[in-house]
Every structure is written in C-alpha cells, then in structure tokens.
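*Asks:* my questions are about this predicted structure, shown below with the sequence.
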Amino acid sequence: MDSKDAVKKLKSLSSKEARESNERFAILGSSMLGVRVPDIRALAKGIGKDHLLAIELWKTGIHEARILATMIDHPDHVTEEQMDNWTKDFNSWDICDHACGNLFDKTKFAYKKAVEWTSREREYEKRAGFALMAYLAVHDKKSDDKRFLKFLPIIRRESGDDRNFVKKAVNWALREIGKRSAALNKAATETATEICNSGKGKWVASDALRELRSDAVQKRLKAKK
C-alpha cells in the first residue's frame with residue numbers, strides 16, 4: 001500500500017458522526033476526514049510497520065493520515081530530526097498524544113525529548129514533553145524510579161502554565177509518575193504539595209493529589225510490594 005492508497009482507504013472510512021465527535025472533543029481542523037481511531041488502528045494493523053510510508057503519510061498533512069503514520073512507523077528508524085519536525089507540525093492535542101504514545105515513547109530519544117520539549121513555547125510542542133513523560137511512566141516497565149524523579153522538578157517549574165492543553169498534560173504526567181511505585185507516589189505527592197503552596201498551578205496539584213492519595217491507588221501500590 002502506498003500513501004495514495006492509504007488516504008483513499010481512510011476517506012472510505014470517514015463519516016459525519018466521527019467528525020462531529022471530534023468537534024465535541026475539541027479536535028478541529030480543515031484537514032480532518034472524520035475517521036474513528038479504532039478504524040485507523042485496524043488499518044494500521046493490516047499495513048504493519050513501514051517507516052517510509054509513515055513519512056509519506058505525514059507529509060500529506062491529513063489529520064487521520066498523520067495518526068496512521070504514528071501507528072505504523074518503526075521506532076528504531078525514527079530520528080531526532082523527525083521527532084522535532086513532527087512536533088512542530090502538531091495542531092491538535094490528539095495528534096500530539098498519538099505521536100507520543102504510539103511512537104515517540106518507544107524511541108531511544110524519548111527521555112531526552114521529554115525534557116527538551118517542556119521548554120518549548122508553542123502549546124502543543126510543550127504538551128508533547130509532558131505527554132511523553134506520562135506515556136513513559138505507563139509504558140516503560142523496565143526503567144528505575146531515578147529516571148522519573150528527574151521529571152518532578154520540571155513538572156513543578158512548569159505547573160504555572162495555565163494554557164489548557166499544557167496544564168492538563170502537566171497534571172497527567174504528575175499523576176502517572178506518582179502511580180508507578182510507592183517511592184514515586186511519595187515524591188509526586190510532595191511535589192504536588194509544593195506546587196499548592198507556591199500559589200501557582202493549584203488545579204494541577206490539587207487534582208493530582210486527589211488521585212495519588214486515593215484508596216484505589218494506595219491499594220494498588222501496596223499490592224506491588
């Protein structure tokens with residue numbers, strides 16, 4: 001399958017209902033076809049991993065074609081330059097999250113870029129840094145706590161950014177790190193408390209504390225010991 005075939009298939013899967021659903025979740029854009037994510041994922045499964053096709057699909061600028069690209073690209077073939085270029089193209093929160101959770105978190109540059117992108121000015125580029133932290137906390141089962149402890153000062157530093165898609169990602173990263181282990185739960189809780197006391201990023205911290213201190217989370221962490 002080449003990029004033209006893939007786009008043709010995506011168009012055949014589009015629907016008014018999917019477009020309306022995207023709009024309800026603030027996923028907007030003139031390049032959007034309106035294809036359900038499960039349908040894109042099924043198409044990706046049929047294609048398999050194909051780095052060159054992923055590059056071509058991204059170049060189309062079509063929203064769903066770019067989501068498909070994040071699903072079929074091979075993380076071992078992804079370069080830092082590609083990651084930076086794709087991140088600059090982010091124009092919605094879902095493209096950002098698909099790229100980070102389907103592909104970028106599996107590359108050898110993931111931890112480096114998670115830190116680097118949190119200093120970016122554009123909303124979705126900055127979100128990408130924290131989305132990457134959150135996905136790494138969930139998907140990277142092998143890394144020790146030290147790698148995630150290094151993220152907490154950055155979360156504290158950027159917690160005052162009140163832009164919607166940034167602050168939600170900061171909160172998300174803090175919660176996922178704090179649910180990873182008992183030690184990280186303690187550290188994340190301390191970070192959230194410090195944020196609350198600083199007077200900035202109160203929602204980020206208070207919302208995270210509710211989950212990190214919840215009986216459900218504490219029970220899961222005790223079961224891990």
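*Replies:* Thanks, I have it. Numbering: from 1, shown residues only.

*Asks:* least trustworthy helix or strand in the chain by mean pLDDT?
*Replies:* Every helix and strand in the chain was compared by mean pLDDT, DSSP states H and E; the lowest is helix 16-24, with a mean of 89.

*Asks:* who are the packing partners of the following helix or strand past it?
*Replies:* Following helix 16-24 in sequence order, the next helix or strand is helix 37-47 (DSSP states H and E). Judged by 3 or more Cβ pairs under 8 Å, 6 or more residues apart in numbering; DSSP states H and E, helix 37-47 is in contact with helix 3-13, helix 63-72. (C-beta placed from N, C-alpha, C; glycine too.)

*Asks:* who's in contact with Leu152?
*Replies:* Leu152 sits next to 174, 177, 187-188, 191 when contact means Cβ atoms under 8 Å, 6 or more residues apart in numbering.

*Asks:* and the residues you listed, which two are the farthest apart?
*Replies:* Between any two of these, the greatest separation by Cβ to Cβ is 10.2 Å, found for Leu174 and Ala187.

*Asks:* quick one: buried residues of whichever strand or helix holds Tyr124?
*Replies:* Applying DSSP H and E as the criterion places Tyr124 in helix 123-139. Neighbour-count burial for helix 123-139 flags 123-137 (criterion: 16 or more other Cβ atoms under 10 Å).

*Asks:* packing partners for the next helix or strand after that helix?
*Replies:* Going down the chain from helix 123-139, the next helix or strand is helix 145-149, by DSSP H and E. Secondary-structure packing of helix 145-149 (3+ Cβ pairs under 8 Å, 6+ apart): helix 123-139, helix 182-198.

*Asks:* for Glu64, which of those is the nearest?
*Replies:* helix 123-139 (17.2 Å).

*Asks:* ok, and the closest non-adjacent residue to Asp73?
*Replies:* In this structure, Asp73 finds its nearest non-sequential neighbour in Ala54, 3.6 Å apart by Cβ to Cβ, 6 or more residues apart in numbering.
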